[in-house]
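Visitor: Predicted structure and sequence below. I'll ask about it afterward.
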Amino acid sequence: MSAVARLIFLALLPLLAVGCAAMGQDPKEDWSAQRFYQEAQAALERGNYEQAVSHYETLEARYPFGPYAQQAQLEIAYAYYKAQEPEMALAAIDRFLRMNPRHPHVDYAYYLRGRVNAGPEQGILDRLFNRDPARRDAHPLQQAFEDFGIVVRRYPDSRYAKDARARMIHLRNQLAAHEIHVAEHYMRRGAWLAAARRGAYVVEHYAGAEAVPDALEVMVRAYRHLGLEDLSQDALRVLEENFPERASRLRQAARSTAQDEG
């Protein structure tokens, strides 16, 4: 290397060192809590949920005290919900509720937990392929019903209360339908007492549900097979008072069965 070239290299060496250091520097090192929150929100809107969670978590780690950190905890739950990771979403919601029991957005946390537990809403594929939500595990639906109930009872003035109430009605119908599905399974196996109990449970706990007339019919049939005619007639009487057309069809079917057996 010539003397001139060596002088040029030595002159440029400090600039090269600064450039290499800059390459290894975290570009987010000087971000404020607000900047992290804004970038996370932008990633969330783009559907980049992994990046959004990363920004929220870094925000909370670097700035653990303050409104942005609290809000980040809740936004992490929403990001996991949108990413269809219900276990992570529920864990984040429960953590938020433990750490911020008096937060002004606690009502939303319970509402979001209800949405997560309720699972994805039925879409066109569910209708095309006849996926019956009543055949799903009922426990998450029951938990969602309770979550929405907390919003309705504890926070009646919440902006989410009206929708939570509507979702409770929908879940009530799903849960009642699930019980009828199980009762029908029992009847096919000849487990009439278990079927009767399922029908009675629907009538007692899901009054107003679409499946109530099905539940009464289950009770009529199950008690009849058990030889409990008084209970069968009581259920039929309730069916006649509230759903006369359904009771009429049931009586007609019973007469046809009796004639065939005779």
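Guide: Looks like it came in fine. Keep in mind that this is a model prediction, so the values were computed, not measured.

Visitor: helix, strand or coil for residue 29?
Guide: State at residue 29, reduced to three classes by DSSP: H, G, I helix; E, B strand; the rest coil: coil.

Visitor: Can you give me the pLDDT of it?
Guide: Residue 29 is assigned a pLDDT of 82 by the prediction.

Visitor: For it, give me phi and psi.
Guide: Note on residue 29: its backbone torsions stand at phi -60, psi -30 [degrees, to the nearest 10].

Visitor: Quick check: it vs residue 178, distance?
Guide: Distance, residue 29 to residue 178, by C-beta to C-beta, to the nearest Å: 52 Å. All C-beta spots, glycine's among them, are computed from the backbone N, C-alpha and C.

Visitor: higher neighbour count, those two?
Guide: Applying other C-beta atoms under 10 Å to residue 29 and residue 178 shows that residue 178 carries more neighbours, namely 22 against 7.

Visitor: The more buried one contacts residue 139, doesn't it?
Guide: No - applying C-beta atoms under 8 Å as the test, residue 178 and residue 139 come out as separate, 10.3 Å apart.

Visitor: any chance you could map the strands in the stretch 101-250 of the chain?
Guide: Applying DSSP state E, counting those that start in this stretch to the stretch 101-250 of the chain gives no strands.

Visitor: which stretches of it aren't confidently modelled?
Guide: 121-136 (pLDDT under 70).

Visitor: let's go with 50 and repeat that
Guide: Scanning the stretch 101-250 of the chain for pLDDT under 50 picks out 123-125, 127-130, 133.

Visitor: Show me how far stretch 227-245 is from its chain's centre.
Guide: 36 Å (C-alpha atoms, centre = their mean, to the nearest Å).

Visitor: Only the C-alpha atoms, please, for that stretch, written as CSV.
Guide: These are the backbone C-alpha positions of stretch 227-245, laid out as CSV (Å, rounded to 0.1, in the frame of the first residue of the first chain):
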residue,chain,number,x,y,z
GLY,A,227,-93.1,-45.4,33.2
LEU,A,228,-93.4,-42.1,35.0
GLU,A,229,-96.6,-41.1,33.4
ASP,A,230,-97.5,-38.3,35.8
LEU,A,231,-94.2,-36.5,35.0
SER,A,232,-94.6,-37.2,31.3
GLN,A,233,-98.1,-35.6,31.4
ASP,A,234,-96.8,-32.6,33.3
ALA,A,235,-94.2,-32.0,30.7
LEU,A,236,-96.8,-32.4,27.9
ARG,A,237,-99.1,-29.9,29.6
VAL,A,238,-96.4,-27.3,29.8
LEU,A,239,-95.7,-28.0,26.1
GLU,A,240,-99.4,-27.6,25.2
GLU,A,241,-99.6,-24.3,27.1
ASN,A,242,-96.6,-22.8,25.5
PHE,A,243,-96.1,-24.6,22.1
PRO,A,244,-99.6,-26.1,21.2
GLU,A,245,-98.6,-27.0,17.7
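
Visitor: quick one: buried residues of that stretch?
Guide: 228, 231, 232, 235, 236, 238, 239, 240, 243 (16 or more other C-beta atoms under 10 Å).

Visitor: Any buried residues in stretch 79-87, and which?
Guide: Neighbour-count burial for stretch 79-87, counted by 16+ other C-beta under 10 Å, picks out 79, 80, 81, 83, 85, 86.

Visitor: Also stretch 138-152?
Guide: Using 16+ other C-beta under 10 Å as the test for burial, stretch 138-152 gives 138, 141, 143, 144, 145, 147, 148, 149, 150, 151, 152.

Visitor: now stretch 91-106
Guide: Across stretch 91-106, burial judged by 16+ other C-beta under 10 Å covers 92, 93, 96, 97, 100, 103, 105, 106.

Visitor: Among these, which one sits closest to residue 188?
Guide: residue 93 (39.3 Å; C-beta to C-beta).
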